[in-house]
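In: Fold the following, please.
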Amino acid sequence: MSAPTGSSSTPHVVRVSTSTRTDRQSEAPLLRGEINGNIVRGMDFRLFVREVCKFPNSHYQAIEEGLDRNAFESAGRWGPIMDRIKDVPLGNEAALYAPLIDLYDSISTQIGPLFDLQSKTNLAFRDTSQKYLLDSPAFRKPDITGVSGTMPNGTPSWKDVLVCWEVKHSNKRGAQDQLGEPPRKRSKPSQSTSRSRQSNSEIAVSTPGRDTDDPLEQLLSYCLEKISAQPHRRHTIGVLLSEWQLQLVFHSRSFIVVSRAFDIRSNPVKLTVVFAALWTTDLKALGFDSHFIDNSGNVTIRPQECLVMIGDQEYTINKALFWARSLLGRGTCTLRAVGKSQVKVVIKFNCPPKVRESEAELLGKAQDIPNIIKVVASATWGDTLDGFGPEFVAMVNHFELREFRVLVLSPVCSPLTSIADLETFKRSFRKLVIAHHKLYKTGILHCDISVGNMMYDPLGNEPYLIDVDLGKSVEKLASPSSNHRTGTLPFMATDLLAECPPPHLYRHDLESFYYVLIWVCVKDHCGWDTVHSIAAMREKKDSFLAVGTGDRIGGLSLIDWSEPLRRTWINRIHGLFVRGRAAVDPYLGNVELDKETLDGYITFVKVMDVLTA
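Out: Residues are numbered from 1 along each chain as shown. Predicted structure coming up:
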């Protein structure tokens, strides 16, 4: 349905996506933007392990009593290992990894027989501080990585990671302020001390080999890797240890929660509970969606070749086609699958705001429109607060509630960029503009026209418009259904890149179609794939569509088969936008003119006149 991750022709959608680049440096601003204002800090430790790790109070109490009677000391290992940990000087964090893993191994081998507990995952930790984990373009290496103990030795893949640690054992003064707790008060405090600003106020400059010196941000970059490589994962859990202070971190599609810190040197009960909770928690509590199962009915870590029941039909997953790299937000993924009748379909799994209109309902209104993707089945699988008690919910219910939705779609398509024939491309592009207009006439505006949402079925020789999950009913265009700006940055209309964007209009989608045309035909995509901020993209687009830039079209380097489109489609549509923008520019034209169509220059009829000439 969508291009596989890594295709240079299709940018990822991360709410407002920037480009195909997924290196650490290009992702850092997006990651910081997602973290900022979305963290609950200092949650009670006992509440955290009970609600997140599903470690009941009875188990917690049993461990307290066991430590009181020196149950762990009977093995003769606890004391010596803790001494090794306590003896590690600040500035030598690498020396902490082995004793921490040894202590976990010691405790995990004892808690089973001591407290009649068992592991659901055979969780085992490995020192990966010198290894880039596999299957990510961003090259990250967590300090300690947890995988199933049944995994073979060697460098783990992000597709198999259950838990990550970030260890910060710095001797730099003030390093503890970068934990998930609010900073200590200074003699000259900042005038802005809101919780939302604290999460992002002291982010350090990246150093080689690391994203940042902020340990929480570093840990969340590992959470990004996990939830991106495991597209059916709803949330992740991580461990943050900074100068002896340990915190647990929970990250979902709606919010991030950080537990209250404790000193591992003086809190053996809490440290033991951390290890016991991680050892006993199951895949569902670790965030893996329980609808994805293997042939034995067990929840799976990897979705490939697993089974999933949607409605009354069972499907077998063949391959992950696309997954968005985003910490929070929709987290869209598409999976190729087959039903019992061996009919190939695409399963789309994402987590949009619960208040947003259902994509299944929107597509249901458009099933008679040619070249709009068809819905075979749909389901809703709960929201981001499912499974949590009232005390936990009370701390996070001010965040945007998101809902897990799944669609079964047909046919299975290839990216529009797979077309390398001029006439096939022209016919497909025209049909998609027409389908989009018919969708609009039924009362639905797509609102996310991008190269990744325009597909081609080579078997049926037909194009398809997909991903209506950002679409809106026309009568609701002026009302926001999410507190996030949405779209795919290289294709967003210039107006929508303003600091206070106007309501989304039909002509904004026509402008996005033009940017898709440019993206497909121009070899370097006009450099839009290297822009990583909304402000910078607006500047580029304003320059591209400015009065007197017609000659610029002649200087574009086009791919060979698209050269005939330079003087026809590309140049003529460019002229429509230049003249229309000038007509309503308060400095160049009449500000009172029709802004909905840029004084009549940008309409379906005008654009189709160019496309059919």
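In: what distance separates the start and the end of stretch 242-261?
Out: Terminal residues of stretch 242-261 lie 9 Å apart, using Cα to Cα, to the nearest Å.
In: Distance from it to the middle of the chain?
Out: 19 Å (Cα atoms, centre = their mean, to the nearest Å).
In: What of stretch 217-231?
Out: Taking Cα atoms, centre = their mean, one finds stretch 217-231 lying 9 Å from the centre of the chain it belongs to.
In: In three-state terms, label the most centrally placed residue in the chain for me.
Out: In the chain, the residue lying closest to the centroid (Cα atoms, centre = their mean) is residue 326, at 1.8 Å. At residue 326, secondary structure determined by DSSP: H, G, I helix; E, B strand; the rest coil is coil.
In: Same question for the one 5 residues further on.
Out: When classified by three-state DSSP, residue 331 comes out as coil.
In: just checking, it touches residue 325?
Out: No. Judged on Cβ atoms under 8 Å, residue 331 makes no contact with residue 325 at a distance of 9.1 Å. In short, each C-beta sits where N, CA and C put it, glycine included.
In: Residue 491 and residue 454 touch, don't they?
Out: No. Look at residue 491 against residue 454 with Cβ under 8 Å: they stay out of range, at 9.9 Å.
In: So for the two, which residue has more residues nearby?
Out: Shown here are residue 491 and residue 454; by other Cβ atoms under 10 Å, residue 454 has more neighbours (29 against 26).
In: which residues sit in contact with the more buried one?
Out: Residues in contact with residue 454 (Cβ atoms under 8 Å, 6 or more residues apart in numbering) are 416, 429, 432, 463, 464, 465, 466, 516.
In: how would you label the nearest residue in space to residue 127 that is not next to it in sequence: helix, strand or coil?
Out: Nearest residue to residue 127 in three dimensions, chain neighbours excluded: residue 97, at 4.4 Å (Cβ to Cβ, 6 or more residues apart in numbering). Under three-state DSSP, the three-state class of residue 97 is helix.
In: Any idea how many residues pack against residue 97?
Out: Residue 97 has 20 neighbouring residues, counting by other Cβ under 10 Å.
In: ditto for the one 3 residues further on
Out: By other Cβ under 10 Å, the residues close to residue 100 number 25.
In: for it, what are its contacts?
Out: Contacts of residue 100 by Cβ under 8 Å, 6+ apart are 85, 125, 144, 165, 167, 241.
In: Which pair of the contacts of residue 454 spans the longest distance?
Out: 429 and 466 (15.0 Å; Cβ to Cβ).
In: looking at this structure, which helix or strand is least sure?
Out: Least confident helix or strand of the chain, by mean pLDDT, DSSP states H and E, is helix 195-198 with a mean of 31.
In: What's the first helix or strand after that helix?
Out: Using DSSP states H and E, the next helix or strand after helix 195-198 towards the C-terminus is helix 215-229.
In: partners of the helix or strand just after that next one in the sheet?
Out: The helix or strand immediately downstream of helix 215-229 is strand 235-242, counting by DSSP H and E. According to DSSP bridges, strand 235-242 forms sheet pairs with strand 163-168 (parallel), strand 245-252 (antiparallel).
In: Strand 235-242 - what's its average pLDDT?
Out: Mean pLDDT, computed over strand 235-242, is 98.
In: what's the angle from that strand to helix 215-229?
Out: Interaxial angle of strand 235-242 relative to helix 215-229 (axes from the mean of the first three to the mean of the last three Cα atoms, to 10 degrees): 150 degrees.
In: Give me the below-cutoff pLDDT ranges for this protein.
Out: Scanning the chain for pLDDT under 70 picks out 1-26, 73-76, 172-212, 478-486, 550, 586-593.
In: Residue 154 and residue 133, how far apart?
Out: The gap separating residue 154 from residue 133 is 11 Å, by Cβ to Cβ, to the nearest Å.
In: Alpha carbons of stretch 424-441, as CSV, please.
Out: C-alpha atoms of stretch 424-441 as CSV (Å, rounded to 0.1, in the frame of the first residue of the first chain):
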residue,chain,number,x,y,z
THR,A,424,0.8,6.1,-17.4
PHE,A,425,1.8,8.8,-14.9
LYS,A,426,-0.3,11.5,-16.6
ARG,A,427,-3.3,9.3,-16.7
SER,A,428,-2.9,8.3,-13.1
PHE,A,429,-2.3,11.8,-11.9
ARG,A,430,-5.4,13.1,-13.6
LYS,A,431,-7.5,10.3,-12.2
LEU,A,432,-6.3,11.1,-8.7
VAL,A,433,-7.1,14.8,-9.0
ILE,A,434,-10.6,13.8,-10.2
ALA,A,435,-11.1,11.3,-7.4
HIS,A,436,-10.0,13.9,-4.9
HIS,A,437,-12.6,16.4,-6.3
LYS,A,438,-15.4,13.8,-6.2
LEU,A,439,-14.4,13.0,-2.6
TYR,A,440,-14.7,16.7,-1.8
LYS,A,441,-18.1,16.9,-3.5
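In: Pick out whichever of residue 154 and residue 133 has more residues nearby.
Out: Taking other Cβ under 10 Å, residue 154 and residue 133 do not tie; residue 133 has more neighbours (25 against 9).
In: Do I have it right that that one meets residue 142?
Out: Yes. Look at residue 133 against residue 142 with Cβ under 8 Å: they come within range, at 7.0 Å.
In: what touches both of the two?
Out: Counting by Cβ under 8 Å, 6+ apart, the contacts common to residue 133 and residue 142 are residue 161.
In: one step back: just the closest of the contacts of residue 454 to residue 260, please.
Out: Looking across these and measuring by Cβ to Cβ, the closest to residue 260 is residue 466, at 44.3 Å.
In: List the single closest residue to the closest one in space, sequence neighbours excluded.
Out: Nearest residue to residue 466, sequence neighbours excluded (Cβ to Cβ, 6+ apart): residue 373, at 4.5 Å.
In: Look up how far residue 610 lies from the one you found.
Out: In this structure, residue 373 and residue 610 are 26 Å apart, going by Cβ to Cβ.
In: Please apply the same query to residue 466.
Out: Counting by Cβ to Cβ - residue 466 and residue 610 are separated by 24 Å.
In: what does residue 530 give?
Out: For residue 530, the distance to residue 610 - Cβ to Cβ - is 29 Å.
In: Regarding residue 381, what is its secondary structure?
Out: Going by three-state DSSP: residue 381 is strand.
In: which stretches of the stretch 1-150 of the chain form strands?
Out: Secondary structure of the stretch 1-150 of the chain (DSSP state E, counting those that start in this stretch): strands at 16-17, 39-43, 123-127, 144-148.
In: Kindly report the same for the stretch 301-450 of the chain.
Out: Listed from the start of the chain, the stretch 301-450 of the chain has strands (DSSP E, counting those that start in this stretch) covering 307-310, 313-323, 333-339, 344-350, 374-383, 403-410, 414-415, 444-445.
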